[in-house]
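**Q** I would like the atomic coordinates for the input below:
(chains A and B, ligands or ions: 2)
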Number of protein chains: 2
Amino acid sequence: MATVSDILAQRFGPRFDTGKSQREQHAHTTTWLPSQAPDGVVFPQDVDEVREIVRICADHRVPIVPFGAGTSLEGHVNAPLGGISVDMRDMDRVLEVNAEDMDCRVQPGVTRKALNTHLRDTGLFFPIDPGADASLGGMASTRASGTNAVRYGTMKDVVLALQAVMPSGEVVRTARRARKTSAGYDLTRLMVGSEGTLGLITELTLRLTGIPEAMSSAVCSFPSVEAACDAVIATFQFGLPMARIELMDAMSVRAVNAYSGLSLPQTPLLLLEFHGSEAGVAEQAATFGEVARDHGSTAFEWTTDPAERTRLWQARHDAYWAIRALRPDSDALATDVCVPLSRLAEAVTRSQQECERIGLTGPVLGHVGDGNFHVTLMIAREDEAERAKAREYLSWLAELAISMEGTCTGEHGIGQGKRAYLEAELGAGAVNMMRAIKTAVDPLNIMNPGKIL
Amino acid sequence: MATVSDILAQRFGPRFDTGKSQREQHAHTTTWLPSQAPDGVVFPQDVDEVREIVRICADHRVPIVPFGAGTSLEGHVNAPLGGISVDMRDMDRVLEVNAEDMDCRVQPGVTRKALNTHLRDTGLFFPIDPGADASLGGMASTRASGTNAVRYGTMKDVVLALQAVMPSGEVVRTARRARKTSAGYDLTRLMVGSEGTLGLITELTLRLTGIPEAMSSAVCSFPSVEAACDAVIATFQFGLPMARIELMDAMSVRAVNAYSGLSLPQTPLLLLEFHGSEAGVAEQAATFGEVARDHGSTAFEWTTDPAERTRLWQARHDAYWAIRALRPDSDALATDVCVPLSRLAEAVTRSQQECERIGLTGPVLGHVGDGNFHVTLMIAREDEAERAKAREYLSWLAELAISMEGTCTGEHGIGQGKRAYLEAELGAGAVNMMRAIKTAVDPLNIMNPGKIL
Ligand SMILES: Cc1cc2nc3c(=O)[nH]c(=O)nc-3n(C[C@H](O)[C@H](O)[C@H](O)COP(=O)(O)OP(=O)(O)OC[C@H]3O[C@@H](n4cnc5c(N)ncnc54)[C@H](O)[C@@H]3O)c2cc1C
Ligand SMILES: Cc1cc2nc3c(=O)[nH]c(=O)nc-3n(C[C@H](O)[C@H](O)[C@H](O)COP(=O)(O)OP(=O)(O)OC[C@H]3O[C@@H](n4cnc5c(N)ncnc54)[C@H](O)[C@@H]3O)c2cc1C
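**A** Ligands and ions are numbered 1, 2, ... in the order given. As a prediction, this is how the structure comes out:
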């Protein structure tokens, strides 16, 4: 490590930093897992510099931890074996936008908000929205999704191609710019979700979406989580092309009202968004209103006013912080299970009951169109008993989801936090296959070791 | 091989066949590539039998060629090194349909038509439609798509999870039944498109779609291919959610009219389908009509009559046979390039010109919503000069697509026929990574050797 530090210091000067504060900022902070700082942080500016860094680290068997915006939630950017954090901050250029093809090519450090700002005048937008202003390299690496996924998919659906530097130093282009291809193994999708354990993403070609002619938002109260989930299922069966359909339980609504100064009814709520033509959006809202009423909805309001829409969705995006503000002296543990829709109501209800039973505070937010929901557990700092309970709950919840044919992570990834559940979820065969691939691509195990596997 | 034959004969009795006609039917027939028959064909009935077969073949280093419906077009099911064709015909059960979750679990030998027949009374359908009545295992293996892909995606988008027997005999489940997951490497998408070179798919969990309330079809004439392609681009920019948008050039229309007894105008045509609510479909058709007129369309007709719709799309699906019927004494070579939409008009036009220049007959059909089109070359049997020209054209076309940032195969796959272009398209880095994965998963190279790599 000392040798690598010397070489990087010489080569990158002030763009290589071993200062304590820089190192600590690059260890994991937003979550409950203990921070494990890297030995140094380097800020490359192009793919050739990334290759140099990889070669230097590979020569000396020093771990590499890719770093985007550091908003991941499962200890992804921790450095349990030390090593070099490769921060993509300076690789932040939008390289091209092809309006006719509705795609663009970006460097990995571009954040989703920066991309959408860049696209402002093109009539196009990038639809994946995890709330946090994550980097596109990081979002690809965790297979991120969020509120829009029910309509626009996850990162696996919008990444057309990637360029990556492999542990060997070789540069791989996974695909070209056609909208579909059957040319060999799907390396694009293999890199998406690989959490920096196979290579460093240095460029992304992304599919964009036309800004819909009309958008409207709605808020809809339900007497129970079950009624809300049943309405979601019925909505799909009607074939309504919802753009967003989010669940908040009563406790989450309370938190959001307090944090964002809203006065939403403090019952289970669905927050919705419709995209389409003027007439289409009105029709969707009307149809949804009927479906909701059939499922006991007590109030349904919708709006096309942009300011109101923005206020509503900003509040939803701030929900994580709103929940943390419920107990500012606590850490927050963001869970992330996803189950088939038919099991969703039961899964959410049992999750709430279990929280109550063991005495934890855990408001629920859900991307319910995908069957994905988050119980955010509050853990008083330094309270070992509460931390132990939370750990127990985490296992209980993962097992619940798996027993319902679901997954322990719908969108956050495995990182360090969920390694224990991967085999329970997929079986030894799948994990062995992942291990075989990891070993084939990264025989020295220098790429983000200690994550996923 | 002799030992393996003995063991399989003993174990599978009449379900193992080494007869000449059976073997020949399992070699590649629909295409121009020479047939290379396997040494025997076995018909397993469940995953355990598949495991047995794999173990027997692995023990004796005998190649395995998975076989679905044999409709692939690039020599995929040829056995260049001999070996055993594993025909999934008898694994043809729909194992479960979960209507609320809009998914189902099937064995690989179920064909897409059989699945849709099974789904008849559920209000759901399986949307991927390559025309041919392919098996779902085969479709997953070639990452198939077809006319509906512009709206419903390709096999990579609808396969939620797979069960596969790996060359080691181990059974892998790639995912569970949640609609999205971030749990580790995306083994599902790695298997999709792997053309039987990584393992044998023994089960598929598939995402289904609600049958839309209304469907309408349209036929629209254009003065040129370019005008038609420009209309397609404008359509996307309007955000019209087309379900199908297919191009036929004048020669294809002539073939289809003759074969299916239609009287479509013999100009470049777009065939369209709209799915949605009654009002939505009418609005889409009206908006498309305007866009088409703006791009010089001379005639636009649309219909919601189911019989007319079926007749039109049946004719489109029969277009390949219609084209073959243009010259019944010829073989047909189905090309399959895909380019960014902005390059599509130029690509199609230059493809037509090059055909003319070198004296080949090659009508054009295109899934133009994805930038994917097929020039079907006619090659007189036993005419070596024409065959040589066709081979030259094939390379020219692949290079053209690649020079336009496209792919040599949008949906048919690499098989034997396109191996020469893979490195030109993706570069050495990607091919090396594919090879590393292949070697890691199938170190004995027994799974469909001689395909893709
Ligand atoms: C308030 C809040 C809300 C959130 N909501 C959502 C949500 O709704 N949906 C959702 O999906 N996620 C959500 N997340 C999680 C987080 O935003 C995502 O995981 C995001 O994808 C992380 O991106 P990042 O740029 O911050 O990556 P980082 O945290 O920096 O890194 C994530 C992983 O990717 C790797 N990596 C980063 N860049 C590269 C690269 N260029 N090449 C290779 N590997 C790389 C890292 O090594 C690490 O393993 C939320 C987080 C917060 C804090
Ligand atoms: C008239 C016609 C039109 C066509 N149109 C289209 C189109 O529009 N779009 C399109 O995408 N394709 C099209 N095709 C091509 C063809 O239908 C597809 O490639 C289809 O996916 C092949 O499926 P199959 O069941 O016939 O597979 P096969 O031909 O039997 O096998 C294809 C490949 O998959 C492997 N395989 C099969 N089953 C399994 C399994 N269970 N496990 C592992 N590997 C397996 C085989 O080894 C082989 O490599 C067309 C073909 C014809 C003849």
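**Q** Could you check which helix or strand contains A:V219?
**A** strand A:214-221 (DSSP states H and E).
**Q** Show me what that strand packs onto, helices and strands only.
**A** Secondary-structure packing of strand A:214-221 (3 or more Cβ pairs under 8 Å, 6 or more residues apart in numbering or on different chains; DSSP states H and E): strand A:269-276, helix A:278-294, strand A:299-303, helix A:306-317. (Glycine included, C-beta is placed from N, CA and C.)
**Q** do the longest one and chain B meet?
**A** Yes: between helix A:278-294 and chain B, judged by Cβ under 8 Å from any Cβ of the partner chain, the touching residues are A:279-280, A:283, A:287.
**Q** Tell me how far the helix or strand just after the strand holding A:V219 lies from the chain's centre.
**A** Downstream of strand A:214-221, the next assigned helix or strand under DSSP H and E is helix A:225-237. Put simply, helix A:225-237 sits 24 Å off its chain's centre (Cα atoms, centre = their mean, to the nearest Å).
**Q** Quick one, which of the helices and strands packed on strand A:214-221 gets closest to A:G261.
**A** Closest to A:G261 of those, according to Cβ to Cβ: helix A:306-317, at 8.6 Å.
**Q** For that closest one, name the packing helices and strands.
**A** Counting contacts by 3+ Cβ pairs under 8 Å, 6+ apart, helix A:306-317 packs against strand A:214-221, strand A:242-248, helix A:250-260, strand A:269-276.
**Q** okay if I get the ones you listed as TSV plus mean pLDDT and distance to A:D294?
**A** Converted to TSV, the helices and strands packed on helix A:306-317 look like this (pLDDT from 0 to 100; distance: least, Cβ to Cβ, whole Å):
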stretch	mean pLDDT	distance to A:D294
strand A:214-221	94	12
strand A:242-248	96	16
helix A:250-260	95	22
strand A:269-276	95	14
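**Q** before we move on, back to that, redo the residues of helix A:278-294 next to chain B as TSV? Include neighbour count.
**A** Output for these, formatted as TSV (neighbours: other Cβ atoms under 10 Å in any protein chain shown):
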residue	neighbour count
A:A279	15
A:G280	23
A:E283	20
A:T287	17
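**Q** Please identify which helix or strand holds A:D90.
**A** Assigned by DSSP H and E, A:D90 falls within no helix or strand.
**Q** show me the contacts for it.
**A** Residues near A:D90 by Cβ atoms under 8 Å, 6 or more residues apart in numbering or on different chains: A:15, A:43-45, A:109.
**Q** Quick check: the farthest pair among those residues?
**A** By the measure Cβ to Cβ, A:R15 and A:G109 form the most distant pair in those, at 13.3 Å.
**Q** which of these two has more neighbours?
**A** Using other Cβ atoms under 10 Å in any protein chain shown as the criterion, A:R15 and A:G109 rank with A:G109 on top: 24 against 16.
**Q** Just confirm that one is within a helix.
**A** No: counting by DSSP: H, G, I helix; E, B strand; the rest coil, A:G109 is located in no helix; its state is coil.
**Q** pLDDT value on it, please?
**A** Predicted confidence (pLDDT) at A:G109: the value is 98.
**Q** List the beta-bridge partners for the closest residue to A:L200 other than its chain neighbours.
**A** Leaving out its chain neighbours, the residue that sits closest to A:L200 by Cβ to Cβ, 6 or more residues apart in numbering or on different chains is A:V165, at 4.7 Å. Assessed by DSSP bridges, A:V165 has beta-bridge partners A:V171, A:L200.
**Q** ok, now how distant is the most centrally placed residue in chain A from ligand 2?
**A** The residue lying closest to the centre of chain A (Cα atoms, centre = their mean) is A:A144, at 3.5 Å. Remark: distance between A:A144 and ligand 2 (Cβ to the nearest ligand atom, to the nearest Å) = 29 Å.
**Q** Who are the contact partners of that residue?
**A** Contacts of A:A144 (Cβ under 8 Å, 6+ apart): A:128, A:130, A:134, A:138, A:154-155, A:411, B:182.
**Q** These in helices, which ones?
**A** Mapping the contacts of A:A144 onto helices (DSSP state H) picks out A:138, A:155.
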